[in-house]
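J.: coords please:
(one chain, ligands or ions: 1)
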Amino acid sequence: MQFVDQTGSREAAGRRIRLVDMARRLPQLVRRSIALAWSIDRWAALGLLLCQAAAGAMQALGLLAVSGTIAALLSSGDIYARLLTAWPSLVMLAGAAAVRAMLGITVAWLSSRLGPQMSREAERQLLRAATEVELSAYDAPGFNHRKEAADRGASVAQGLVSEGQDLIASLASLIASAGVLTALHPALLPLLALASFPQAVAQVSAARVRYLARLRAGGDYRLLSILRWHVADRYAADQIRACTMADFLIDRYRHVTERINRADRRAADTGARMSVVGAVCGGIASAVVWAALVWLLATGRMSVGHAGTAVFALQAVGTALRGLIVGGARIMRTGLYMDDWAEFLQEAGGYRLTRGTTVPKPPEEIAVEDLVFRYEEATADALRGVSFSLRRSEVVALVGYNGSGKTTLGKLLSGLYLPTSGSVTWDGVPTGDLDAHAMWSHVALVPQDYARWPLTARDNITLGQPTEGGDADIHAACARSGADEVVTELRSGLDTVLARDWLGGQELSGGQWQRIALTRAFYRPAGLLVLDEPTSALDPLGEHRIFAGLRELAANRAVVLITHRLTNVACADRILVLDKGRIVQHGGFAELVKQRGLFRDLWTYQHTRETSQQASNADPTASAGSSAERTSVSSSPSPSPSPSSSNEPENS
Ligand SMILES: Nc1ncnc2c1ncn2[C@@H]1O[C@H](COP(=O)(O)OP(=O)(O)OP(=O)(O)O)[C@@H](O)[C@H]1O
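T.: Next comes the predicted model:
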C-alpha cells in the first residue's frame, strides 16, 4: 500500500537547504512569524519583541557588571574595601539577572498564549482555502498530498512563535555579548565564530535530512491516518468484527509503520553522525579559542579582570551562537512546512476556483452539448459526446449499468465538475462562466453517500441556511420526505443532535438518515434537484411517498433522477439510458419498454425477477408477463412519452 506521492518540488526545496540559504531565509521567516503573530494579537507580538530586546540589553548589562565585579575584586587593597567597590556591580549583576528571568517568564507566557492561536488561525485559513478548490482537485493524488503537507504546516505554525523568539533572544544575546567580547579583544569574536561554523553546518544538514525524511514519508503518514480512521471509527466497527478483519488491518498498519520507522531511523542515524562530526570539529576549534585566550593572558595582552569577563562572554556568545544555529535550523524546517501551507493558500493546491462572475437565476433550461468528461489522471473518458437538454418542471431520469456515468453527469449538470470538452450551459451560459457559489445556491443534491452531519436535526435540514418561513418550511419538507415520522420520535425534536456520541444526541437508522438527506434537498429553494439513488435505503412505503410527490416537487424545478429501480423512473418525462459514458437510448417509459435495447433488457430482467419472486413467495396466481404497465401505473403517475422522445439515441 503506497500513495501516489508527488513530492518533487518540495523535495527539491528541501535539498536546497544550506547554511547560506538559511542565512538568507531566516530574516524572512522571522518576519513571517512576526506578521502572523501581529495579525492575531498585535499587543502580544509587540510585547514579545520588546521583551527580547530588553533581555538582550540585560545580557550586555550583566556582562559589564561581571567585568566591573572582577576588576574590583582583583584590584589591590583590603578585601572589605574591594567588596565595597564591587558592590554596585554586584547589585547590577543581580538586578540584570532578575530582570532577565522576569522577561523570560513574560516571553514564555506570551508565546504560550500566541502559539496555539497561530496554529488555529493557520488551520482556519487552510480550511477556507480547501473549500475554495474545484471538486476535481480531490480526484488528483497530488492535490491531496499538498493538502496534507499544508496541514502539517498549519499544525507546526505554533512553533514559529517560540522558535522565532528563541532566535531573536539568541540574536539579542549574541549582539550584546559579542559587543563586550570585541571590546575586550577584537580577535576573540572571529575566532569563536569560526569555531561555531562546523556545528552550524552539521545542524543545518541534520535539519535537511529530517525534513526530507518527513516529506518522503508524507504519503505513508496519510495512509496511517486513513487506516486509523477505518479501524477505529464506528462506521466500520461492525464489519471489522463480523468479517474478522482486525488482524489483517492492523497488520497493514504495522507494515506501513515499519516503513516509516525505517526511514525515521535512517534519518536519526544520519543526523546523529552529522552532529558528532560537527561536535568534534567544533570541540577542536573551541580548544583553539581557549588557547588564544590563555595566550593573550600569558603574554600580558589582556588583564586578569578582562580575561575573567572574556570567559563569561565567550560562554554567552557560544550559547547564543549555538542557540542561533539550532534555533535557525529548527525554524528553517518549520519554515519549509509553512511554505507548504503558504503555497497551498496561494494556489489552493493548483485547483483554486477560477470561474466566471455571472450570477445565475434558477435555470429555465440546462443544455448539454457534445459533452466529454475525463476524471483527473484517468485513462478513459467517463462521459463521451453526451447531448440533451433539461427544462424547468421536467423530470429526467438517468439509468444504466454501474459505472456508465450517471453520477458524473449529475455532477456536471450541477456545475460541480466542468466539462473536459463540449459544454453544459445554464440558460445559455457555460457553467464555467457562472459564479460557482451563486450557481450552487440553486442546486439541491442528494448524493449516494450523503453527509451525516453531527449537528441538530434542524441544522441537518437547513444546512445552516434557514429560509424566511422558519420551522414551518422545515416541517413541510419533512412531510414530503417522510422525515416527519423521524423528527416526531426525536428526544428534542428538531433540536436533537444527530450523533450519539454528543451530549443529548441520538442516532438514526440508515433509512431515517436518507429521509433527512431528502428533506435537505426538498427544503432548499433550488432550481435544479439531483437525486442520486434517493430511495436506496427506504422502505416501500417511504419510497412510494417520494415518487408520488416528485411531480409536485418538479413544478418549479428541473429534476434529475438517477436510479436502478426502473419501476421508479416511470414518473419521469424522459429517460436517458447511458452505457459506457454515452446516451444509447432516450424516450418515455412506455416507449422504452417496447423498444429493443438496453432499457428493455434491464427492465425485463428486473421485472421478471421481481414478479417471479412475488409469484413464488406470495401470490402463486400472479402472472410474470402482464404486469409491466400495471406496476408503472400503480407505483407512480402514468408515464407520458415526451414530445421530443425518439427511438434513436441522440448520440451514438
Ligand atoms: N473520482 C473518480 N476518479 C476517477 N474515475 C472515476 C471517479 N468517479 C467515477 N469514476 C469513473 O467514472 C466512470 C463513471 O462513474 P459514475 O460514478 O458516474 O458511474 P455511475 O453510472 O453513477 O455508477 P453507479 O451506478 O455505480 O453509481 C466509472 O468508470 C468510474 O470508474
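J.: so who does residue 524 touch?
T.: By Cβ atoms under 8 Å, 6 or more residues apart in numbering, residue 524 lies in contact with 444, 463, 465. (Glycine included, C-beta is placed from N, CA and C.)
J.: what about the first one, which helix or strand?
T.: Put plainly, it is residue 444. For residue 444, the enclosing helix or strand under DSSP states H and E is strand 443-446.
J.: rounded mean pLDDT for the next helix or strand after that strand, please.
T.: For strand 443-446, the following helix or strand on the C-terminal side (DSSP H and E) is helix 457-462. The average pLDDT within helix 457-462 is 95.
J.: what lies in contact with helix 457-462?
T.: Contacts for helix 457-462 (Cβ under 8 Å, 6+ apart): 453, 471, 474, 477-478, 483, 486-487, 490, 493-496, 498, 516, 519-520, 523.
J.: mind redoing it with 6 Å?
T.: 453, 474, 487, 490, 494, 496, 498, 516, 519, 520, 523 (Cβ atoms under 6 Å, 6 or more residues apart in numbering).
J.: same check, this time on stretch 426-439
T.: So stretch 426-439 is contacted by 353, 355-360, 363-366, 415, 418, 423-424 (Cβ under 6 Å, 6+ apart).
J.: what do you get if the cut-off is 8 Å, keeping everything else the same?
T.: Residues from elsewhere that reach stretch 426-439 (Cβ under 8 Å, 6+ apart): 353, 355-361, 363-367, 412, 415, 418-419, 423-425.
J.: so how do I select the buried members of the residues you listed in ChimeraX?
T.: Entered in ChimeraX, the line below selects the buried ones among the contacts of stretch 426-439, by 16 or more other Cβ atoms under 10 Å:
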select :355,360,363,366,367,412,415,418,419,423,424,425
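J.: what are the buried residues along the strand holding residue 444?
T.: Quick answer for strand 443-446 (16+ other Cβ under 10 Å): 443, 444, 445, 446.
J.: hmm, back to that, filter the contacts of helix 457-462 down to the ones in helices?
T.: Counting by DSSP state H, the contacts of helix 457-462 place 474, 487, 516, 519, 520, 523 in helices.
J.: which of those residues count as buried?
T.: Judged by 16+ other Cβ under 10 Å, buried ones among the ones in helices among the contacts of helix 457-462: 474, 487, 516, 519, 520, 523.
J.: tell me the pLDDT of the fourth one.
T.: In other words, residue 519. 95.
J.: so who does it touch?
T.: So residue 519 contacts 461, 474, 477, 478, 480, 481, 483 (Cβ under 8 Å, 6+ apart).
J.: what do you get if the cut-off is 6 Å, keeping everything else the same?
T.: Applying Cβ under 6 Å, 6+ apart to residue 519 gives the contacts 461, 477, 478, 481, 483.
J.: ditto for the first one
T.: Taking Cβ under 6 Å, 6+ apart, we find residue 474 in contact with residue 461.
J.: where exactly do the strands run in this protein?
T.: For the chain, strands defined by DSSP state E occupy the ranges 365-373, 383-391, 395-400, 421-426, 429-430, 443-446, 528-532, 558-562, 574-579, 582-587.
J.: give the pairing partners of the first one; include direction for each.
T.: For strand 365-373, the paired strands and their directions (DSSP bridges) read strand 383-391 (antiparallel), strand 421-426 (antiparallel).
J.: kindly export the shortest one (C-alpha atoms) in PDB.
T.: Presented in PDB, the C-alpha positions along strand 421-426 are these (Å, rounded to 0.1, in the frame of the first residue of the first chain):
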ATOM      1  CA  SER A 421     -14.800  19.400 -23.800                       C
ATOM      2  CA  GLY A 422     -18.200  20.200 -25.100                       C
ATOM      3  CA  SER A 423     -20.500  22.300 -22.900                       C
ATOM      4  CA  VAL A 424     -23.000  22.400 -20.100                       C
ATOM      5  CA  THR A 425     -25.000  25.700 -20.100                       C
ATOM      6  CA  TRP A 426     -27.500  27.200 -17.800                       C
END
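J.: that one versus strand 528-532: what angle between them?
T.: 120 degrees (axes from the mean of the first three to the mean of the last three Cα atoms, to 10 degrees).
J.: so strand 421-426 versus strand 558-562, what angle?
T.: Angle of strand 421-426 versus strand 558-562, following the same axes, to 10 degrees, is 130 degrees.
J.: go on, the longest one?
T.: Our comparison of strand 383-391 with strand 558-562, counting by the same axes, to 10 degrees, yields an angle of 140 degrees.
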